[in-house]
Every structure is written in C-alpha cells, then in structure tokens.
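Participant: I would like the atomic coordinates for the input below:
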Amino acid sequence: MLAKRIQPMVFQARRLYVELMFQVMGRALQAVSEIDAAVQKEARALPDGFLFEMMVMPDGSRLIVEHIGNGRFHYHGNTAPRPVDLSIQFKHIAHAFLVLSFQEKTSVAFANDRMLVDGDISYAIRMTRILNRLETFILPKLVAERAVKEYPSNLHLPEKLFSAARIYLKVASNFVETVRA
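Facilitator: Residues are numbered from 1 along each chain as shown. Here you go, the predicted structure:
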C-alpha cells in the first residue's frame, strides 16, 4: 500500500531532477563552448545553425542548443526555433535519470538500448565527446570517471578547478539573466 503512494512521488522527483539537469547542462554547454579550446575545436566541425536536442520520450523534458559558429553554442531552453538536426532521446524518464544522476555512462545506456539517436551518427558522437568533456570539468573526478567513457589523463587539478569555476559562474549568471527576463 505504501509503495503505491510513494511511486508517483518518486516518478515526480525523477522528472524534476531530469528537467533541472537539462537546464544546467544546456547552460553549461554554452559556457564550456565559450572557455574551452578543445570543445570549440570539436564543435567547429558542426555546421553553423546546427540544432542539438536531448530529450525524454515522448514529450518530456528537453534541452536544445544551437551551434552559432566558431565552436560556440547557444542554449535555447526547451523550445527549438526550427526542426532539430540531431536528437538524442531517452526512452523513459528512468533511463534519463540513470544517465543524468551518473549511475550509468551514456555509452552503456546506448548499448543497453535506453536511448535513440535521430540524425547523423557522426554528429551524435561529436556531441557525446563534447558532453563528456563538460562532465570532466564540472563533476568531481570520482563521479566523472563513472559518467564518461574515459577520463582524460592530461586534465590536471588546477585546470579542472579553474575551468569548473568559470563554467559554474557562467551558468549561474545565465540563470540570473533568465530570472530577470
């Protein structure tokens, strides 16, 4: 009896967590593309105006970022200005929660058929590398090692801390600008 009462609350908590993580990730993608040369180099291969979406199927939470050129991203929130070029879709909120709470790597979730890719697979791989780079900066090393396929051996603590601080500052200022608007 108690389990039936708790289950909807657990589902709601997961949904809210995934929604918040998509907002943070979208803003963090914009921020990391402004400060990290490796991310900019990776993103330059994407066409200008390229729209990337990550979402929970069928009409759940989502994040949308656009490549605006020169390796930079712009976060659009959950509304696309036009049809997206690449969509990575989690099949269920529970699957998104596993990845976004860093209990399961993105590569493992894809291998376990928990997500779909709609669009050019080479762009999906590129975006996954960008997301992995972001996660290595903003997560503690112990957590990041669980979240990404391979933690970079050349990322040292001072660079990680400095980059993480800059990313979090940009994310926080973006949240403040959104609230003011």
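Participant: Can you check which strand is longest in the chain?
Facilitator: strand 62-69 (DSSP state E).
Participant: And the contacts of it?
Facilitator: For strand 62-69, contacts defined as Cβ atoms under 8 Å, 6 or more residues apart in numbering pick out 22-23, 25-26, 29-30, 43, 46-56, 73-81, 84. (Each C-beta comes from the backbone N, C-alpha and C, glycine too.)
Participant: Could you rerun that using 7 Å?
Facilitator: Contact with strand 62-69 is made by 22, 25-26, 29-30, 43, 46, 48-55, 73-80, 84, as judged by Cβ atoms under 7 Å, 6 or more residues apart in numbering.
Participant: Mind checking which of those are buried?
Facilitator: For these, a burial check counting by 16 or more other Cβ atoms under 10 Å picks out 22, 25-26, 29-30, 43, 46, 50-55, 73, 75-76, 80, 84.
Participant: Restricted to strands, list those.
Facilitator: 51-55, 73, 75-76.
Participant: Those residues: which two are farthest apart?
Facilitator: 55 and 73 (16.6 Å; Cβ to Cβ).
Participant: what about the closest residue to residue 78 other than its chain neighbours, neighbour count?
Facilitator: Setting aside the residues directly before and after it, residue 78 is nearest to residue 62 in space (Cβ to Cβ, 6 or more residues apart in numbering), at 4.7 Å. By the criterion of other Cβ atoms under 10 Å, residue 62 has 22 neighbours.
Participant: Then residue 33?
Facilitator: Residue 33 is surrounded by 23 other residues when neighbours are defined as other Cβ under 10 Å.
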